[in-house]
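A.B. asks: what follows is a protein structure lacking sequence information:
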């Protein structure tokens, strides 16, 4: 801020002081908060996207991992809108017809 105002010619002492005060006020009150908000929003969007990608990758690994022991598994989806859905897998992980 000081480097910006230092290079202005001082046509009148009062005018230079008022101009400096107006620039500093606009910077502190308008420009700086708006810039901070825009930067924070961009950083949050990037971090949310990265977090979702990490979660999706971890979830995919967990869901595609083999069971600890070979047993048949029955999966249930409560399906609040469409009703209960089931899926059965045999001990090798193959889908069983219902």
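C.D. replies: Thanks, I have the structure now. Computed from a prediction, not measured in an experiment: that's the story for all the values here.
A.B. asks: quick one: the residue nearest the centre of the chain from residue 57, how far?
C.D. replies: Nearest to the mean C-alpha position of the chain, by C-alpha atoms, centre = their mean, lies residue 48 at 2.0 Å. Distance, residue 48 to residue 57, using C-beta to C-beta, to the nearest Å: 15 Å. To be clear about C-beta, it is placed using only N, CA and C from the backbone, and glycine gets the same treatment.
A.B. asks: again with residue 26
C.D. replies: Relative to residue 57, and taking C-beta to C-beta, residue 26 is found at 45 Å.
A.B. asks: and what of residue 75?
C.D. replies: Per C-beta to C-beta, residue 75 is found 21 Å from residue 57.
A.B. asks: could you do residue 78 as well?
C.D. replies: From residue 78 to residue 57 the distance is 25 Å (C-beta to C-beta).
A.B. asks: then residue 83?
C.D. replies: Counting by C-beta to C-beta, the gap from residue 83 to residue 57 is 31 Å.
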